[in-house]
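Trainee: Got a predicted structure plus its sequence, pasted below:
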Amino acid sequence: MRRRLLLLLAAAATPLAAHAQSDWQTVIGRDLRFRLEMPAPAEESKAGEKEKGHASERVAWHASRDGDMFDFDYVDYQPGWFTGQDSKTMARELGRGEAEKALPPPKYKYVRDEPVTLQGWDGYALDVEAPNGAVVMMRTYIVKDRLYRLLVTVKPNDEAKANAKRFLDSLRLAESR
């Protein structure tokens, strides 16, 4: 009897799981160097202005769900831009530098602030909690001469935080170190 009940519950939950999967989409780089999942629809944009060291325009995707924001972008730097520098330090500066200006530590609580790696590549993780409980999570990775950034801003509830984790953990690179 228990077994039948479990099978019925699993069968009843299947359409919900299939629906939950369909409202996410996979974003794949045109050069096939990365893939990740974002809430659908994710809109692509390009920034024509180049910053110091950029070899190309910044390519970005944005999606939102229930007021939560999901952003991903990458930009290629000139060949050798990161070679002569400590990539751990560069990932921290590129990942945290602007965040400190926008989210000053006395007002915002830095929950996670540490170096990370993705498939052997250096990166930086920064999670910041706002006074109202909202959370901003950023991941920055340096892969050869390319900078990847993921940024998500979510409300303080478990579903939103699970969506943020799914997004941040979904980035896969074609190259491993």
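Mentor: The structure has been received and is ready for your questions. Every value quoted in this text rests on a predicted model; they were computed, and no experiment measured them.

Trainee: List the contacts of V27.
Mentor: V27 makes contact with R35, L36, E37, M38, A42, W61, F72, according to CB atoms under 8 Å, 6 or more residues apart in numbering. Heads up, the C-betas are built off the backbone N, CA and C, glycines and all.

Trainee: so where's this protein uncertain?
Mentor: Applying pLDDT under 70 to the chain picks out residues 1-22.

Trainee: So which residue is smack in the middle of it?
Mentor: Using CA atoms, centre = their mean, the residue of the chain that lies closest to the mean C-alpha position is L150, 2.8 Å off.

Trainee: Figure out the helix or strand that that one lives in.
Mentor: L150 is part of strand 146-154, with elements assigned from DSSP states H and E.

Trainee: buried residues in the helix or strand following that strand?
Mentor: Scanning forward in sequence from strand 146-154 by DSSP H and E, the next helix or strand is helix 158-169. For helix 158-169, the neighbour count (16 or more other CB atoms under 10 Å) marks A160, K161, N163, A164, R166, F167, L168 as buried.

Trainee: Please name the nearest non-neighbouring residue to the fifth one.
Mentor: Translated: R166. E37 (6.5 Å; CB to CB, 6 or more residues apart in numbering).

Trainee: For that neighbour, give me its contacts.
Mentor: Contact analysis of E37 by CB under 8 Å, 6+ apart lists W24, Q25, T26, V27, R166, F167, S170.

Trainee: element containing the fourth one?
Mentor: Okay, so that is V27. Going by DSSP H and E, V27 is part of strand 24-28.

Trainee: Can you point out the buried residues in that strand?
Mentor: W24, V27.

Trainee: Stretch 46-59 too?
Mentor: For stretch 46-59, using 16+ other CB under 10 Å, the buried residues are H54, R58, V59.

Trainee: Now secondary structure too, for those, in TSV please.
Mentor: Shown next, in TSV, are the buried residues of stretch 46-59 (DSSP: H, G, I helix; E, B strand; the rest coil):
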residue	secondary structure
H54	strand
R58	strand
V59	strand
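
Trainee: of those residues, closest to M90?
Mentor: Nearest to M90, judged by CB to CB, of the buried residues of stretch 46-59 is H54 at 14.1 Å.

Trainee: you'd agree the closest one is up against D76?
Mentor: Yes. With contact defined as CB atoms under 8 Å, H54 counts as touching D76 (7.2 Å).
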